[in-house]
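>>> need a structure here:
(one chain, ligands or ions: 1)
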Amino acid sequence: AKPRILSLDGPAGSGKSTVAGIIARRLGCLHADSGAIYRSLTYACMQLLGEQASPEEFGRVFLEQTPDPHGFALRVDYDNGKQLHYLNEEELGLKIRTPSVTARIRYIADHAQYRNRVNELLRELGAKTALIVDGRDIGTVVFPDTPFKFYLDAAVRTRAERRRKELIESGMEAPSLEELEKQIADRDEQDRNRKIGALQIPPGAILIDTSNIDRDMVVSGILAHLQEQF
Ligand code: C5P
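Okay, the predicted model is just below:
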């Protein structure tokens, strides 16, 4: 039988990654975090070009690199269900989650060649093993045929509050709530209006608004929908 795929799409701060991680552990499969792959590609480009490089330079890098399966000696691996990102064998950890990476992701995520690379990587993995995949275009573009599709959403304010808590908990500097709301609204706008791979509710996806429910309720809601069919 073909390995199973569960897609979990939604905007920044909707709780996808946390929920995907918990579900993957419960169901004993891998959690593939596509946003983190875009982040590590962005980080790799920043290392190569410097922080001041233009969007066009980011776009060109890909074409000039000698082909290697994941690009830039970047390697994505899994350890105990956790997705790890190695650049020249250094594990990147939280380096892919800084505001300067976040601000430059679109230089990568707007380009078809980078998106295809990420999609190939996910599909190769999905052909081998059962996956919970979170992102923006997983149910629409990457795995459109999977019967297990979910979409998480939440109010901008709620998402900003979550991001702030996350940043503080991981010891990073956290902007004000107002600033975070603005950043999230900007990212929503970029993610929804991208020419390819835009954030959309996949046809047939189960929609869950997480504004007023906690993480455990989202998890149990998804598991209830699956009815042990996954
Ligand atoms: O999920 P996360 O916030 O880490 O994703 C970072 C960014 O990567 C998103 O804002 C989006 O621009 C991009 N992304 C994407 N397609 C995906 C996942 C993430 O374009 N499937």
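>>> other SSEs contacting the helix or strand of the chain with the lowest mean pLDDT?
Per-element confidence for the chain was summarised using mean pLDDT, DSSP states H and E. The lowest value among helices and strands belongs to helix 55-64, with a mean of 78. Contacts defined by 3 or more C-beta pairs under 8 Å, 6 or more residues apart in numbering; DSSP states H and E place helix 55-64 against helix 34-49, helix 99-109, helix 112-128. Heads up, the C-betas are built off the backbone N, CA and C, glycines and all.
>>> which residues sit against the longest one?
Spelled out, that is helix 112-128. When contacts are defined by C-beta atoms under 8 Å, 6 or more residues apart in numbering, helix 112-128 is touched by residues 2-3, 5, 30, 32, 34, 37-38, 41, 62-63, 69-71, 76, 108-109, 131, 133, 137-138, 141-143, 196-197.
>>> rewinding a little: so after the least confident helix or strand of the chain, what's the next helix or strand?
Secondary structure here is assigned by DSSP states H and E; on that basis, the next helix or strand after helix 55-64 toward the C-terminus is strand 74-79.
>>> quick check: residues of the protein near the ligand?
Where proximity means C-beta under 6 Å from any ligand atom, the interface of the chain facing the ligand comprises 12, 34-36, 38-39, 105-106, 109, 135-138, 187, 191, 197.
>>> if you set the cut-off to 5 Å instead, what comes out?
Residues of the chain lying close to the ligand by C-beta under 5 Å from any ligand atom are 12, 34, 35, 38, 105, 109, 135, 136, 137, 187, 191.
>>> what residues does the closest residue to the second one other than its chain neighbours make contact with?
When the adjacent residues along the chain are set aside, residue 34 lies closest to residue 135, with 3.5 Å between them (C-beta to C-beta, 6 or more residues apart in numbering). For residue 135, the set of contacting residues under the criterion of C-beta under 8 Å, 6+ apart consists of 7, 8, 9, 16, 33, 34, 35, 142.
>>> for the third one, name its beta-bridge partners.
Spelled out, that is residue 9. Note on residue 9: beta-bridge partners by DSSP bridges are residue 135, residue 151.
>>> and the contacts of stretch 201-210?
With C-beta under 8 Å, 6+ apart as the test, stretch 201-210 has contacts from 7, 9, 14-15, 138-140, 144, 147, 149-154, 158, 218, 221-222, 225.
>>> report the buried members of those.
7, 9, 14-15, 138-140, 149-154, 158, 218, 221-222 (16 or more other C-beta atoms under 10 Å).
>>> any idea how far stretch 148-163 is from the chain center?
Using C-alpha atoms, centre = their mean, to the nearest Å, the mean C-alpha position of stretch 148-163 is found 13 Å from that of the whole chain.
>>> what's the span of that stretch, first residue to last?
Using C-alpha to C-alpha, to the nearest Å, the span of stretch 148-163 from its first residue to its last is 27 Å.
>>> ok, stretch 165-178 next?
Looking at stretch 165-178, the gap from its leading to its trailing residue is 14 Å under the measure C-alpha to C-alpha.
>>> correct me if wrong: residue 14 contacts residue 155.
No. Distance between residue 14 and residue 155: 10.0 Å, which falls outside the contact criterion (C-beta atoms under 8 Å).
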